[in-house]
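Fold the stuff below for me.
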Amino acid sequence: MGQYRPSRNIEASIIEFIEDELQKASWTNVSVEKAFSHISPNALPAIWVHLSNTIHKKVQIGDNSTYRTALVLLEVYGTNDGIREDLKDFLVSIFKNGCPYYEYVITGGAISDQTQNGRIRVSNIDDKVINLGIDKADLDIVDQFRHLITLTAELGKVEV
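This next block holds a predicted model:
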């Protein structure tokens with residue numbers, strides 16, 4: 001039995017939150033993935049969730065405790081511009097109030113338990129269309145209708 005560390009807890013919490021909110025909003029056939037390798041033309045539309053840069057700011061001089069600020073990337077892969085825009089707007093709307101933060105226990109390589117331990121607070125949301133500078137007709141279907149949402153996420157906890 002093991003436990004995820006904070007970075008994996010953040011990713012897993014966000015993935016679970018997106019899946020739950022998609023279901024509540026009756027979105028169907030939208031896959032939410034941790035690994036880019038699972039994004040394929042047959043699995044669109046899709047959302048890829050992964051952490052980028054993380055800043056660990058010292059809480060006070062003379063102490064090793066830090067305060068974590070993570071950049072979370074949500075890459076949207078649509079089947080057309082309308083789906084891309086709708087998914088992007090949906091994701092922005094659900095993250096304005098943050099989401100639950102869970103700590104996960106792993107048994108046999110799978111999540112066996114989770115405990116909510118606070119919230120992920122989103123202090124900034126940035127979204128932009130991914131334009132590869134090539135005519136869309138010349139791109140693979142996966143790359144034709146892409147959007148990037150960047151969340152600045154904080155746990156509001158001191159890490160020792």
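
Tell me which helix or strand the residue nearest to Ile18 when sequence neighbours are not counted sits in.
With CB to CB, 6 or more residues apart in numbering as the measure, Val32 is the residue that lies nearest to Ile18, at 5.0 Å, once sequence neighbours are left out. All C-beta atoms are positioned from the backbone trio N, CA, C, and that covers glycine. Element membership for Val32, per DSSP states H and E: strand 31-33.

The helix or strand just after that strand pairs with which strands, and in what direction?
Scanning the chain past strand 31-33 towards its C-terminal end, the next helix or strand to appear is strand 46-58 (assignment: DSSP H and E). Taking DSSP bridges as the criterion, strand 46-58 sits next to strand 31-33 (parallel), strand 66-77 (antiparallel) in its sheet.

Report the buried residues of strand 46-58.
Burial within strand 46-58, assessed by neighbour count using 16 or more other CB atoms under 10 Å, is assigned to Ala46, Ile47, Trp48, Val49, His50, Leu51.

ditto for stretch 8-23
By neighbour count on 16+ other CB under 10 Å, the buried set for stretch 8-23 is Asn9, Ile10, Glu11, Ala12, Ser13, Ile14, Ile15, Glu16, Phe17, Ile18, Glu21, Leu22.

out of the strands paired with strand 46-58, deepest packed?
Mean neighbour counts were compared across those using mean count of other CB atoms under 10 Å; the top stretch is strand 66-77, at a mean of 19.

The closest residue to Gln114 other than its chain neighbours and Asn117: what is the separation?
Nearest-residue entry for Gln114: Tyr102, 4.4 Å, with adjacent residues in sequence omitted and distances by CB to CB, 6+ apart. Distance, Tyr102 to Asn117, using CB to CB, to the nearest Å: 7 Å.

May I see the buried residues of stretch 8-23 arranged in a markdown table, with pLDDT and distance to Ile94 as well?
Listed next are the buried residues of stretch 8-23 as a markdown table, based on pLDDT from 0 to 100; distance: CB to CB, whole Å:
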| residue | pLDDT | distance to Ile94 |
| --- | --- | --- |
| Asn9 | 96 | 19 |
| Ile10 | 97 | 16 |
| Glu11 | 97 | 16 |
| Ala12 | 97 | 17 |
| Ser13 | 98 | 13 |
| Ile14 | 98 | 10 |
| Ile15 | 98 | 13 |
| Glu16 | 97 | 12 |
| Phe17 | 98 | 7 |
| Ile18 | 98 | 7 |
| Glu21 | 98 | 5 |
| Leu22 | 98 | 9 |
